[in-house]
Structure formats: structure tokens, C-alpha cells
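Novice: What shape does this take:
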Amino acid sequence: MVRKTIGIVGGVGPQAGIDLQSKIIRFTEASKDQEHLSVVHVSFSCQIGDRSEYLLAPESQPNPGEAVYKVIELLFRSGAQVIGIPCNTCHAPPIFDPMRDRVARELGPEIKLLHMIEEVCKVARAGGFHKIGLLATQGSYNSNLYVDIFREQDIEILHPKTEAQCRRVHSSIYDPKFGIKANSGKPDNEFARNILLSEADILVSRGAQAIIMGCTEIPLVLRENELSVPVFDATAILAQALVSQAMD
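Specialist: From the prediction side, this is the model:
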């Protein structure tokens, strides 16, 4: 069996990239070091602009997809054949689509760039879900990233009901004091965790049959078994898809 090398676009955020690589290891059947998949992980945080900020104010900075493409190109030159980006917001069409087109045009069919949200949708569809709540960044909410993709499979995505609630979820990730990004590597961030649990419970009370952790920082403080409904970890789903593609 010829195994493909996995490439991880790190730095979006940095801890999320580490989480993805850890989950790739978790989902790989191996009894010794030599049986694990080859992974190239490049983390250039300072070179990639904030994806949510760009979606909310496109004139504020260059498209982050341009910097992400440069990382993908480096991963490809380093031997990676299947690529994952552990950032949900990066998959919004204004960022992802031009980048995917450039990958196809300039790097060719030898490289496969996975779409995280499409992979999550496959799992949700297979589970027979019809209404799912979303915890995500303001950029993902405003761009209807999950809504548009899941609608094609007749799955309704529930956002928090008010703009204030959306901002509250966003703050759990981005607040400079208590946000997950500001406390990377500290899994005991109870304040951010309690915000997410509270908003998830409200989504469930509105009929959500499951909850998507739609930002790759969220699984750093929230676990899949902490809610009364199934929880989809987008990072874990991406890791499984990368392993499957690498073993194909």
C-alpha cells in the first residue's frame, strides 16, 4: 500500500494545528512508530491574517487565503499530497474558493485539498440529522458558511438567535483576556467553556439535534461528551478524512 503524506496548514490558530496532528495520530491504526503516517506541519501564524476579521471587513487586510496558499505550496514542495486546514472560517467561499482554484491551477491534480465543512456535512448526513446548532466565529456566522453547505443536504443549521449571542460565542474564542486564543494550551479556561456550554444548551432547547464545534479552538476547552446531544468536532472529522485519504 502506498501511503500519502499529509500536510497541515498550521498557525490558524497554532494550538488547533497541534490538535489536528494529535487527532491524526489518534485515528491512525499503528502499533509502532514506523506505521504512522508521514505529516508535514507548517505553522506561520504571523504571516496569515485573521480570517474572521477579513470576512467582517474585507478592506481591512489582504485576503488570508493568499498567505495560506503559500503554506500549501511549501507543504506540496515538501512532499505533502493531501492537505488539511484546521480553521473553519478559512473555508468561507471568499477565502477558500480562490485558494482552491489556485491550488488546482498551479499545483495540479497531485495534491488534494480537503474542505473541512464538507467533511462535517458528510458525517451529519450519514447520521440522519436534520437540525444542528453551530458554535462558531462571527466570520463564520456572517458568511453563512455552514448554512449554505448543509442546506444542500436538507440539514438546517441553527445560529444563536441574536447578534449579541453570536458575539458572546465569538468572545469565548477571541476575547483578549478570557478567549481561547489568548489562553492557548490552557485547557482549564472555565469562563470561555461556560459561555459555550450555555449557548449550546440554548441551541438544544430550540430543537438542535446535535451541536457542531465549528471553530477549531472550541475542542481545546469543550469535550464531545459534555452535552445532552451528539457533538461534532470538526477537527476530529477533518483528521479522520485526512487519514482516510492518505491510506486510500
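
Novice: C-alpha only now, for contacts and for neighbours.
Specialist: OK.

Novice: So what's the gap between the longest helix seen in the chain and the chain middle?
Specialist: Secondary structure assigned by DSSP state H gives helix 190-205 as the longest helix of the chain. Between the centre of helix 190-205 and the centre of its chain there are 19 Å (CA atoms, centre = their mean, to the nearest Å).

Novice: Quick check, pLDDT for residue 225.
Specialist: Reading off the confidence values, residue 225 has pLDDT 84.

Novice: Can you report phi and psi for it?
Specialist: For residue 225, the backbone dihedrals are phi -100, psi 20 (criterion: degrees, to the nearest 10).

Novice: cool, and residue 112?
Specialist: phi -120, psi 120.

Novice: Mind listing residues that contact whichever strand or helix holds residue 117?
Specialist: Taking DSSP states H and E as the criterion, residue 117 maps to helix 116-126. When contacts are defined by CA atoms under 8 Å, 6 or more residues apart in numbering, helix 116-126 is touched by residues 84-86, 88, 91, 146, 149-150, 153, 155, 232, 234-235, 237-238, 241.

Novice: Residue 75 - nearest residue in space that isn't next to it in sequence?
Specialist: Distances taken as CA to CA, 6 or more residues apart in numbering place residue 7 nearest to residue 75, at 5.8 Å, with adjacent residues excluded.

Novice: if you look at the contacts of helix 116-126, which of them are in strands?
Specialist: Here DSSP state E is the test, and those give 84, 232 as lying in strands.

Novice: picking that back up, after the longest helix of the chain comes which helix or strand?
Specialist: strand 210-213.

Novice: Would you list the buried entries among the contacts of helix 116-126?
Specialist: Neighbour counting with 16 or more other CA atoms under 10 Å marks 84-86, 88, 91, 146, 149-150, 155, 232, 234-235, 237-238, 241 as buried within the contacts of helix 116-126.

Novice: And those, which is closest to residue 220?
Specialist: Distance to residue 220 across the buried ones among the contacts of helix 116-126 (CA to CA) is lowest for residue 235, with 10.3 Å.

Novice: low-confidence ranges in the chain?
Specialist: 1, 185, 187-188 (pLDDT under 70).

Novice: try 80 this time
Specialist: 1, 184-188, 224 (pLDDT under 80).

Novice: Kindly provide the distance from residue 10 to residue 83.
Specialist: Residue 10 sits 11 Å away from residue 83, going by CA to CA, to the nearest Å.

Novice: same deal with residue 190?
Specialist: 33 Å.

Novice: Counting neighbours, go ahead and name the busier of those two.
Specialist: residue 83 (26 against 13; other CA atoms under 10 Å).

Novice: ok, that one touching residue 113?
Specialist: Yes - with contact defined as CA atoms under 8 Å, residue 83 reaches residue 113; the gap is 4.8 Å.

Novice: Quick check: neighbours shared by those two?
Specialist: With CA under 8 Å, 6+ apart, residue 83 and residue 113 have no common neighbours.

Novice: Wait, a strand at the residue nearest to residue 75?
Specialist: Yes - assessed with DSSP: H, G, I helix; E, B strand; the rest coil, residue 7 lies in a strand.

Novice: and it, bridged to which residues?
Specialist: residue 40, residue 83 (DSSP bridges).

Novice: tell me the contacts of it?
Specialist: 39-41, 72, 75-76, 80-84.

Novice: if we go to 7 Å?
Specialist: 39-41, 75, 80, 82-84 (CA atoms under 7 Å, 6 or more residues apart in numbering).

Novice: hmm, which two among those residues are most spread apart?
Specialist: 41 and 82, at 11.9 Å, using CA to CA across the contacts of residue 7.
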